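Q: Need the 3D shape of this:
(one chain, ligands or ions: 1)
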Amino acid sequence: MEKIYGVIGDPIAHSMSPDMHNDLFQFYNLHARYHAFHVKQEHLRDAIKGFKAIGLSGFNVTIPHKVAILEMLDEVEEVAANIGAVNTVVNENGKLVGYNTDGQGYITSLMTKIKKELKECQVLIIGAGGAARGIYISLAAAGVKTIDIVNRTAENADKIIASCRYKTSSSYYEISGNEYDLTKYDIIINTTSIGMHPNIDQTPIPIEQDLSGTVVSDIIYNPLETSFLKDAQRNGAIIDNGIGMFVYQGALAFEKWTGIFPDPARMERVVRTRLGGTT
Ligand code: ATR
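A: Purely as a prediction, here's the structure:
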């Protein structure tokens, strides 16, 4: 019987996961299909029950469900539980088990851009949702000593900082304030959805200072180059778009579902083709 996989989120129409995973299923000769499911917050619990009842083989989880889904699963793997966010679910003989491949995917992608040792980098994360938490805890686990957070809601940033079991030092800054100094960071990461299609003119914070040598990263991949990244590049930064993280989180999820670690270059080509870019 054909296996069914998918991604749940709201909004979800923009997702490129179906293209990426369906291409892989075909390429590796697997009898499986991957669908996008539009699930609103108030329907999440019912959707999970339904997936279990019909025997969905696995699915990805995106905005805004990555944190809320934890308590709806049968088991959550240790790292995902520490992060407090799940982006990949595997149906293991009828049990829904949650994993987090975002943080590891992000780090793998980031390593290709930075010139310093990751451990020696000072990092600023914008946003304090599930994606931010995954990246924060993965960076802390990798030994990064300074990870500051800029966010609208202090409480959400404080929760991430307090729940991290790895030793690191962090300050919180208000997103609309001017207390933070962008020039002190080696890596600046936008983890909010600000600037995502269709609100492509919005940016999470203004960039007006010289950021030569800084890696500025945006986990958004639609559009490929957000207004935030354009501002950063104009100010001398090395930019890192969301494709790398997206591709590696997908590769790690695909491996959990099938046992095959797929070719990341092939996955990136699919995403770029879908976005209308060069391959
Ligand atoms: P995910 O779990 O996928 O990371 P999320 O939990 O919705 O998504 O997190 C989104 C982050 O972007 C949050 O930190 C949110 O700020 P708050 O903690 O104040 O809610 C931030 N964010 C989203 N839209 C925003 C906006 N319009 N202005 C400022 N911050 C925003």
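Q: Look at the residue in the chain that the ligand sits nearest to and say how many residues are nearby.
A: Nearest residue of the chain to the ligand: Gly129, at 1.9 Å (C-beta to the nearest ligand atom). Glycine gets a C-beta too; all of them are placed from N, C-alpha and C. Using other C-beta atoms under 10 Å, Gly129 has 19 neighbouring residues.
Q: Nearest residue to it in space, please, no chain neighbours.
A: Thr191 (6.6 Å; C-beta to C-beta, 6 or more residues apart in numbering).
Q: What's opposite the residue lying closest to Ala154 once chain neighbours are set aside in the beta bridge?
A: Leaving aside its sequence neighbours, Ala154 sits nearest to Tyr172 (C-beta to C-beta, 6+ apart; 5.8 Å). Using DSSP bridges, the bridge partners assigned to Tyr172 are Ile149.
Q: check contacts around Tyr172.
A: By C-beta atoms under 8 Å, 6 or more residues apart in numbering, the contact list for Tyr172 reads Asp148, Ile149, Val150, Asn151, Ala154, Ala157, Asp158, Ile161.
Q: Also Val90?
A: Neighbour list for Val90: Ser57, Gly58, Leu96, Val97, Tyr99, Lys256, Trp257 [criterion: C-beta under 8 Å, 6+ apart].
Q: do Ser138 as well
A: Listed by C-beta under 8 Å, 6+ apart, the contact partners of Ser138 are Ile83, Asp102, Gly103, Gln104, Tyr106, Ile107.
Q: Excluding chain neighbours, what is closest to the third one?
A: I take that to be Gly103. Spatially, and ignoring its direct neighbours in sequence, Gly103 is nearest to Ser138 (2.9 Å; C-beta to C-beta, 6+ apart).
Q: contact partners of the helix or strand containing Ala81?
A: Applying DSSP states H and E as the criterion places Ala81 in helix 78-83. Here helix 78-83 makes contact (C-beta under 8 Å, 6+ apart) with 70, 86, 98-100, 103, 130, 133-134, 137-138, 163, 165.
Q: Show me how to select, in PyMOL, the buried members of these.
A: Entered in PyMOL, the line below selects the buried ones among these, by 16 or more other C-beta atoms under 10 Å:
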select buried, resi 70+86+98+99+100+103+130+133+134+137+138
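Q: so which of the contacts of Ser138 is the most crowded?
A: In terms of neighbours by other C-beta under 10 Å, the contacts of Ser138 top out with Asp102 at 33 neighbours.
Q: thinking that residue is in contact with Arg133, fair?
A: No. Contact between Asp102 and Arg133 fails when scored by C-beta atoms under 8 Å: they sit 9.2 Å apart.
Q: anything in contact with each of the two?
A: Overlap of the contact sets of Asp102 and Arg133 (by C-beta under 8 Å, 6+ apart) consists of Ala85.
Q: Please tabulate the contacts of Ser138 in a markdown table and include pLDDT and distance to Asn199 as additional columns.
A: Shown next, in a markdown table, are those (pLDDT from 0 to 100; distance: C-beta to C-beta, whole Å):
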| residue | pLDDT | distance to Asn199 |
| --- | --- | --- |
| Ile83 | 91 | 27 |
| Asp102 | 86 | 22 |
| Gly103 | 88 | 25 |
| Gln104 | 86 | 28 |
| Tyr106 | 90 | 22 |
| Ile107 | 88 | 27 |
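Q: Take those and lay them out in CSV including secondary structure.
A: Formatted as CSV, the contacts of Ser138 follow (DSSP: H, G, I helix; E, B strand; the rest coil):
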residue, secondary structure
Ile83, helix
Asp102, helix
Gly103, helix
Gln104, helix
Tyr106, helix
Ile107, helix
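Q: tell me, which of the contacts of Tyr172 make contact with the ligand?
A: Among the contacts of Tyr172, the ones lying near the ligand by C-beta under 6 Å from any ligand atom are Asn151.
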